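A.B. asks: okay, here's the prediction I keep looking at, along with the sequence it came from:
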Amino acid sequence: MRAFLSNDATFRYCLKEGRTSGQVHDSGSEGNIFRCVACTFLICTTHDEAMHVGETCEQYDARKGCERKVQNYASQAKIEEVTKICPGAGCGVRIE
């Protein structure tokens with residue numbers, strides 16, 4: 001049954017931890033919001049994760065983009081703190 005349902009593009013499983021229920025989601029009235037009929041957990045079908053309540057998908061994408069930039073900056077700063085540029089052959093690779 002799971003294999004059969006997995007081939008149906010409109011069938012979705014609830015993503016709430018500990019849940020195994022699923023249902024057909026037609027984007028009709030609720031658009032990209034999947035509401036589990038068993039537990040009412042909300043899922044954004046655009047991002048395939050828990051619904052970002054209070055934000056549109058565009059706002060969510062913008063916020064996540066900013067968070068990634070901050071994380072990348074912090075990662076780059078840490079790399080520069082704990083590594084040095086390889087002294088051999090001018091390859092420019094950072095080594096620890």
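C.D. replies: Nice, thanks for sending it over.

A.B. asks: could I get the full set of helices for this structure?
C.D. replies: Counting by DSSP state H, one finds helices in the chain at the ranges 2-6, 57-82.

A.B. asks: so which of the ones you listed comes closest to His47?
C.D. replies: Among those, the nearest to His47 by CB to CB is helix 57-82 (6.9 Å). The way it works is simple: take the backbone N, C-alpha and C, and place the C-beta from them, glycine included.

A.B. asks: got the contact list for Glu67?
C.D. replies: Residues near Glu67 by CB atoms under 8 Å, 6 or more residues apart in numbering: none.

A.B. asks: quickly note the distance from it to Ile43.
C.D. replies: 20 Å (CB to CB, to the nearest Å).

A.B. asks: how about Asp26: what's its closest non-neighbour residue?
C.D. replies: Nearest non-adjacent residue to Asp26, counting by CB to CB, 6 or more residues apart in numbering: Thr10, 6.2 Å away.

A.B. asks: got the domain ranges for this protein?
C.D. replies: Domain assignment for the chain, taken from automatic domain parsing, gives 1-53, 60-96.

A.B. asks: if we can go back for a sec, pLDDT wise, what is the residue nearest to Asp26 at?
C.D. replies: On the pLDDT scale, Thr10 is placed at 83.

A.B. asks: one more: the one 4 residues further on?
C.D. replies: Among the per-residue scores, Cys14 shows a pLDDT of 88.

A.B. asks: then Lys78?
C.D. replies: The predicted local confidence for Lys78 is 92.

A.B. asks: and it, how far is that from Ala38?
C.D. replies: Taken as CB to CB, the span from Lys78 to Ala38 is 43 Å.

A.B. asks: please apply the same query to Gly22.
C.D. replies: In terms of CB to CB, Gly22 sits 9 Å off from Ala38.

A.B. asks: what sits up against stretch 23-39?
C.D. replies: 8, 10-12, 14, 16, 19, 21, 41-46, 51, 57.

A.B. asks: buried stuff in it?
C.D. replies: Using 16 or more other CB atoms under 10 Å as the test for burial, stretch 23-39 gives 23, 25, 34, 36.
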